[in-house]
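J.: Below is the sequence, then the predicted model.
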Amino acid sequence: MNLQQIRYVVEVSRHGMNVSEAAEALFTSQPGVSKQIRLLEEELGVDIFLRHGKRLVGLTDPGKQVLAIAERMLRDQTNLRLVGEEFRHEDEGVLSIATTHTQARYALPPVIQRFMRAYPRVRLNLHQGSPTQVCEYVLSGEADIAIATEAIAENENLVMLPCYQWNRRVIAPKDHPILKAQPLTLEEIARWPLITYDFAFTGRNQINKACLGRGLKPNVVLTAIDSDVIKTYVALGLGVGILASMAFDPTADKNLGALEAGHLFESSTTRIGIRTGSLLRRYTFAFIEFFAPALSRKVVESSLEGGGTDVGL
């Protein structure tokens, strides 16, 4: 048994049992991967993968346990390297952050600016995607931490740390009648074509839940994953927009008006997600605390030791 075989098992699982894709990702050959997996199965005395002919179609029951141990072994190998890096190069390295567009565009800039001043020798990588994709970046090891809302709280393999709560604004061209609504109601919003986030993004569930609770069916005519795209089409007069409050800037968005809608929708919580069993560098703890001052190193380490739980605000 060797780490190469362990890595092959994990990579095949990550690529949906596709040995060719796993081999490509590992810069090796498909027959080589298949052979090493077979050798490992022979050594263990159990089949790790279910097979249909020559194709792998899933994991056996013992294979599921083997995969869990294999993933932990690779994490520990990474952590061993990080121990050395931490003491040899305390303030230099790479920090990879997976996040959504709204967080990257509106919440993170001042945090990143402060971090880069404090740690000029650390290179930052930003990976953007949906909340589900953001989680996958961290689970695969491509990112160190995830910052998102919604689906990030549903993954049992991540430790979820709440950062802050936020709500929404309704936006429209400045001459739009909805901006005169006092008070703003769900019934008034439902009268107009709506432009808002894609279903997987940024609190869309809260919008649907609020409308359904009043027996309303919102007329969503356009969805996007990008707050700036939503504002662009609202400015063209194609509909009324619903977006995160942080994404509206009265100075920059001079052609639009906005109404606070926090009284109509449940608040959403932005969380930082960290893969269970991760060993974090000192500068990663610093970044987390810059973003969410309540999340000190002590709090984060205590949460990591406790496992994959969703810590309350």
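T.: Perfect, I can see it now. Numbers count the residues shown, from 1 in each chain.
J.: what ranges do the strands span in the stretch 151-300 of the chain?
T.: With strands called from DSSP state E, counting those that start in this stretch, the stretch 151-300 of the chain shows them at 158-166, 168-173, 194-197, 220-224, 240-244, 256-260, 268-275.
J.: for the stretch 1-150 of the chain, that is, sorry about that
T.: Counting by DSSP E, counting those that start in this stretch, the strands of the stretch 1-150 of the chain are 49-52, 55-59, 93-99, 122-128, 145-148.
J.: next one: stretch 275-291 to chain centre, how far?
T.: Using C-alpha atoms, centre = their mean, to the nearest Å, the mean C-alpha position of stretch 275-291 is found 15 Å from that of the whole chain.
J.: now do the same end-to-end measure for it.
T.: End-to-end distance of stretch 275-291 (C-alpha to C-alpha, to the nearest Å): 18 Å.
J.: Tell me which of the strands of the stretch 151-300 of the chain lies nearest to Ala107.
T.: strand 268-275 (7.2 Å; C-beta to C-beta). All C-beta spots, glycine's among them, are computed from the backbone N, C-alpha and C.
J.: which secondary structure elements does the closest one contact?
T.: helix 131-139, strand 145-148, strand 158-166 (3 or more C-beta pairs under 8 Å, 6 or more residues apart in numbering; DSSP states H and E).
J.: starting at the chain centroid, how far to it?
T.: Taking C-alpha atoms, centre = their mean, one finds strand 268-275 lying 8 Å from the centre of the chain it belongs to.
J.: Okay, now the sheet partners of it, with direction.
T.: strand 145-148 (antiparallel), strand 158-166 (antiparallel) (DSSP bridges).
J.: where does the stretch 201-313 of the chain have low pLDDT?
T.: 201-205, 307-313 (pLDDT under 70).
J.: Please, where are all the helices along it?
T.: Using DSSP state H, counting those that start in this stretch, the helices of the stretch 201-313 of the chain run over 204-213, 227-235, 282-291, 297-306.
J.: OK, contacts around the nearest residue to Gln165 once chain neighbours are set aside?
T.: Nearest non-adjacent residue to Gln165, counting by C-beta to C-beta, 6 or more residues apart in numbering: Ser267, 4.4 Å away. Ser267 sits next to 165-167, 206 when contact means C-beta atoms under 8 Å, 6 or more residues apart in numbering.
J.: same check, this time on Gly239
T.: Contact analysis of Gly239 by C-beta under 8 Å, 6+ apart lists 192-195, 221-222, 233.
J.: Of these - the most surrounded one?
T.: Counting neighbours by other C-beta atoms under 10 Å, Ile195 comes out on top of the contacts of Gly239 with 25 neighbours.
J.: OK, contacts around it?
T.: Each residue near Ile195 by C-beta under 8 Å, 6+ apart is listed here: 220-224, 230, 233-234, 238-242.
J.: Not counting its neighbours along the chain, what's nearest it?
T.: In this structure, Ile195 finds its nearest non-sequential neighbour in Gly239, 4.2 Å apart by C-beta to C-beta, 6+ apart.
J.: mind checking how far that neighbour is from Asn2?
T.: 58 Å (C-beta to C-beta, to the nearest Å).
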